[in-house]
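Colleague: Just the structure for this:
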Amino acid sequence: MDDVFRKRADLERRPPRSNGRDVALFNLAAALRNRFMKGGKSGDLDEAISLLHNVLELRPSGHRDRSSSLRELALCLLDRYDSQGAVADLEEAVKLGRAALELCLPGRPDRAVSLHNLACNLRKSFRKHSRVYDLEEAIQLHRAALELRPPGHPDRSSSLHWLALCLLNRYDSRGSVADLEEAVKHGRAALQLCPPGHPDRAVSLYNLACNLRTRFQKHARTYDLREAIQLHRAALELRPPGHRDRSSSLHWLALCLSDRYGSQGAVADLEEAVTLRWEALEVHLPGHPHRAVSLYSLTCNLRTRFQKHARMYDLEEAIDLHRAALELWPPGHCDRSSSLHGLALCLSDRYDSQGAVADLEEAVILGHAALELCPPGHPRHDLSVNHLAVYIRKGFRKRTLMHDLKKPIGMRRAALELLPPGHPDRPSLLRSLVLCLLDRYDDQGVVGDLEEAITLGRAALALNPPSHPSRASSLHDLAQCLAKRFRHLPIAADLDEAIALEQEALQLLTPGNPCYGVSRRCLTTYLELKIGPQVAVASLSAPGVMRVDLNQTIRSFAFDTLKTLPTRLLHTYSGVLCNRDAQLSHFMSSSQHGQLLSACGTCAPDQQTKLIHDTISGYFQFVMFSHRWGSGEPLLRDVEGHSVYATSTDGGLKKLQAFCLRACQQNYLWAWSDTCCIDKDSSVELQEAIASMFTCEWFRRGWTLQELLAPRTVLFYTQNWSLYKNLTGSNHKTNAGVMEELEKVTGIESRFLTQFSPGTHDARSRLQWASSRCTTRPEDVAYSLFGIFNVHLPVLYGEGAENALGRLLTEIILQSGDVSVLDWVGEASPFHSCFPAHITSYRTLPLTLSPDTDEQSLRMVRWPLLAPALQKLYRLLTESPLPQLINRRLTLPCITHGVTEVQLKGEDPLAPSYKYKLRASGLKPLEITLPNKLEDAAMKQGALQVVRPWNSKLLNPSAELDVMTEKRLLSMLGRPFHALLLIQLLHNEYKRIASSTLIVAEPAELASARQSRVSTLNVV
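Modeller: Numbering: from 1, shown residues only. Model prediction:
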């Protein structure tokens, strides 16, 4: 028998006009409201409101319980407003709250409750009508209630909580930082009054986290965001599945993680945000009032993930979900413009990726619809104008839509007039207008557009001070405008200013940023215009390329080629060391240059570029000296300004002279030696040399590995400069006998020796090649591999070999996601538990399988092809994120096997060596050898995990799992594999336990693959 049934029976025993009927009515109404709060049936709430109206009739003015009846009725009306949105209920609740407060004069024990309730009603009225006076009054009432609830009062935390909410609303409305700081202060005080186990702790955690996120958005202090994420996680734990407020915690935690991804770029945060969004959507089933918000929020994260990984299925799903959200926000809904805007953005992205004109056309239509819903004065008006203009400009630039730029230019001008000086959107709107004017100038040649673009570009730059993130873009835009005006009317001041602006932009950008390359190319173009002997203007009567233009083009090609070569080269004819200026001067005065000019004058224009490239590349071919350093090697200062042929023939100089002479005999004009062609006192030059080419020493030395691999042509000489084994021929890499010897000595397959390409592919093999080599400087063990992996990292001598190797391995994972670099044995590095302390840990050969392993694994199959379980597993594996290592935290996708039993089988403390037998779910028992004894905590069940690292590139993702792909997947899952042993730490992090031998795990049976657990772990 529920409480409503009992209270209804009690009311039936008290007919009209009997004593106590008002109490029975009130109690039944309270029971009905409680049942509504649990079950959400609107009929219960409607009946409660009707009963309370009857109670008020029985408790006229002057009745001692009238104030409590007014408060209870106001609460029920507010509940119905929250559920159904009827403004009349809200207005009546405010009116009743005022009446209740008037009856609770100062000194009455229930005055604090009446103050609190009326303040909450007024806050809701403010959120509905945006009337600031409602919020001001609510804050005053909450402060008054707080004074009546001193420290120790059971309801003080509630007053602190609601006052903080009101202050945050006022901050959002007026931007007063003092309100924000006070809101955070009260939020902390409320949380202190709600210790673990308190029924309001989850609410206090949640609200303080929201306040801290708002403060992060204001000040960009990462510790605020970090604390907000921690608090939201704690609140989420207190709101398990089924809790009515769980979806709110999921939503706000996802928001915070999205913020952190935007700030720090950790892909794990983005992936978790997407996961949380999906869970929130599952809570908000069709028909739920918050389903549209969940759909929209998820689409935003999916679009962000598409922008990161360029996976089309993320964008396709975002578009589908946007369309679903749009259906739930019909015309007239306050959020419809947001949905139109979001869908248009996704369609524009798909147009950029696939070029479907229909997508761009729909984006324009949706942009117009969003703009109609955001008239001048609307907070999103400027954004809507800007994005619609972008879509139209895209169609104009690609000539895919029949639009001209008159309308987007007019819209942007009108929007600018509505923006007051100092408005945060003014710089971006100015920039977009500048770009449109430049496009129209390029298309129609109206100088007035260019002049206006320059004026607006200067205005945009003035609004972006040196610390502003958009300053580099403004500098670049204005430089473009000035360069275009220089080409139209050659005024040197315009070109000089364009160069200065582009140089400043480059100082603000970092290599790797897409804008960096654009600015660099523009700067070199402007410099070429400046250093040219004259500005060549093509004549209508003289078609083709003028000679001065051609000369400038050749010079530019030569300079670009030299930038890919070492800074200094030895001129083998003269023996003089030449810097790039001298090298360029040699070419410009050479017969090859004269012949090139003549040939370009007679060949077709489309053949000139190839002819220039081939001539310059051939002229600057050079030979490299790979040798083992001895005593008395000549340094830069010993040969600079002198001919090596005219100096002493003692020691290393004699070797250098012989090398230059041999290069000259082989018809090479240029030569390079690591002894004298690098300024080793310049860390910048040393880093450039390491990054741009393969440099110095032999079979057991670190640097000579690059010199063995890099050139297609190699000749080996003995100490007396006779050819190795007196072999004839121009390239020892084409000699089968020499290649066989090299394979045995180096352990490198001949295909790599003859056709090597720098990069991060075959990373594990490349590390093994270097594992038996040594260097004089500890850090060079890693630096000598930068060229092999084609990575560009700073050279930081003094950091130690472990840090240098750790940075290299981090970059390999960041660029390729290759988990084979985790395949090592030995001591772990303090840089990261998944990295070795020494390069020698890669000497152990990777796991090899017999040819029939795949057939054996396939014969183990016991379920039908294309089974749903396998399809699900395939989707999880192909959609798993790529491994990433950021801030020394490895985000590792893997298949996990929980360790269920650990037995110590033997130990030798002197070695030290400890052998263990492990049992893990889904695997055959395996034995491992560790250099350190496991702690007691690790021996407990659930503490250890045996994992198979995974890279989604191992499978080629396709729309559907076909039979051939399934067989390949089954083959992979059935093989033995090299596993990692991880131990779980606090905060859901893991650490690798280093082993003395390879850990080879083998699936117990292939059928267990259906239960394979695909996870993404954070390893430190």
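Colleague: drop to CA atoms for contacts and neighbour counts, all remaining ones
Modeller: Fine.
Colleague: Quick check: phi and psi on the spatially most central residue of the chain?
Modeller: The chain has residue 265 as the residue nearest its centroid, 3.5 Å off, counting by C-alpha atoms, centre = their mean. The phi/psi pair for residue 265 (degrees, to the nearest 10) reads phi 80, psi 20.
Colleague: again, but for residue 671
Modeller: Dihedral angles for residue 671 - degrees, to the nearest 10 - are phi -140, psi 160.
Colleague: Pull up the gap between it and residue 303, please.
Modeller: 52 Å (C-alpha to C-alpha, to the nearest Å).
Colleague: got the CA positions of stretch 307-316 in PDB?
Modeller: Taking C-alpha atoms only, stretch 307-316 is exported to PDB below (Å, rounded to 0.1, in the frame of the first residue of the first chain):
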ATOM      1  CA  GLN A 307      38.500  17.600 -38.400                       C
ATOM      2  CA  LYS A 308      41.200  15.700 -36.400                       C
ATOM      3  CA  HIS A 309      41.200  12.400 -38.200                       C
ATOM      4  CA  ALA A 310      39.400  13.100 -41.500                       C
ATOM      5  CA  ARG A 311      37.300  10.000 -41.100                       C
ATOM      6  CA  MET A 312      34.300  10.500 -43.300                       C
ATOM      7  CA  TYR A 313      32.000   8.200 -41.300                       C
ATOM      8  CA  ASP A 314      32.200  10.800 -38.400                       C
ATOM      9  CA  LEU A 315      31.100  13.500 -40.700                       C
ATOM     10  CA  GLU A 316      28.300  11.400 -42.300                       C
END
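Colleague: Now that stretch: buried residues?
Modeller: Buried residues in stretch 307-316, counted by 16 or more other C-alpha atoms under 10 Å: 312, 314-316.
Colleague: hmm, who's touching it?
Modeller: With C-alpha atoms under 8 Å, 6 or more residues apart in numbering as the test, stretch 307-316 has contacts from 302-303, 305-306, 346, 350.
Colleague: go again using 6 Å as the cut-off
Modeller: 302-303, 306 (C-alpha atoms under 6 Å, 6 or more residues apart in numbering).
Colleague: Make JSON lines out of these and add pLDDT and secondary structure.
Modeller: Shown next, in JSON lines, are these (pLDDT from 0 to 100; DSSP: H, G, I helix; E, B strand; the rest coil):
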{"residue": "302", "pLDDT": "94", "secondary structure": "helix"}
{"residue": "303", "pLDDT": "93", "secondary structure": "helix"}
{"residue": "306", "pLDDT": "92", "secondary structure": "helix"}
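Colleague: would a markdown table of those residues with distance to residue 290 be doable?
Modeller: Shown next, in a markdown table, are these (distance: C-alpha to C-alpha, whole Å):
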| residue | distance to residue 290 |
| --- | --- |
| 302 | 19 |
| 303 | 20 |
| 306 | 25 |
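Colleague: how's the chain carved up into domains?
Modeller: What the TED database lists as the domains of the chain is 310-371+384-403, 404-415+424-530, 550-685, 696-712+755-842, 865-1019.
Colleague: between these, which gets nearest to residue 56?
Modeller: Among these, the nearest to residue 56 by C-alpha to C-alpha is domain 310-371+384-403 (36.9 Å).
Colleague: Below-threshold pLDDT in the stretch 451-600 of the chain: ranges please.
Modeller: Along the stretch 451-600 of the chain, segments meeting pLDDT under 70 span 510-514, 528, 531-550, 591.
Colleague: Quick check: the gap between residue 844 and residue 275.
Modeller: With distances taken as C-alpha to C-alpha, residue 844 is found 38 Å from residue 275.
Colleague: before we move on, what about residue 764?
Modeller: Residue 764 is 32 Å from residue 275, by C-alpha to C-alpha.
Colleague: higher neighbour count, those two?
Modeller: Comparing residue 764 with residue 275 by other C-alpha atoms under 10 Å, the one with more neighbours is residue 764, at 19 against 15.
Colleague: pretty sure the more buried one is touching residue 819, no?
Modeller: No - Residue 764 is beyond contact range of residue 819, at 8.8 Å (criterion: C-alpha atoms under 6 Å).
Colleague: can you pull out the helices in the stretch 351-500 of the chain?
Modeller: With DSSP state H, counting those that start in this stretch as the criterion, the stretch 351-500 of the chain has helices at 357-372, 381-398, 406-418, 426-444, 447-462, 471-488, 492-508.
Colleague: which of those helices sits most buried?
Modeller: Of all those, helix 471-488 carries the top mean neighbour count, a mean of 23, counting by mean count of other C-alpha atoms under 10 Å.
Colleague: May I ask which of the contacts of stretch 307-316 has the most neighbours?
Modeller: Neighbour tally across those (other C-alpha under 10 Å): the maximum, 26 neighbours, falls on residue 302.
Colleague: for the stretch 551-700 of the chain, what spans make up the helices?
Modeller: Under the criterion DSSP H, counting those that start in this stretch, the stretch 551-700 of the chain contains helices at 580-588, 591-602, 605-619, 636-639, 651-665, 683-692.
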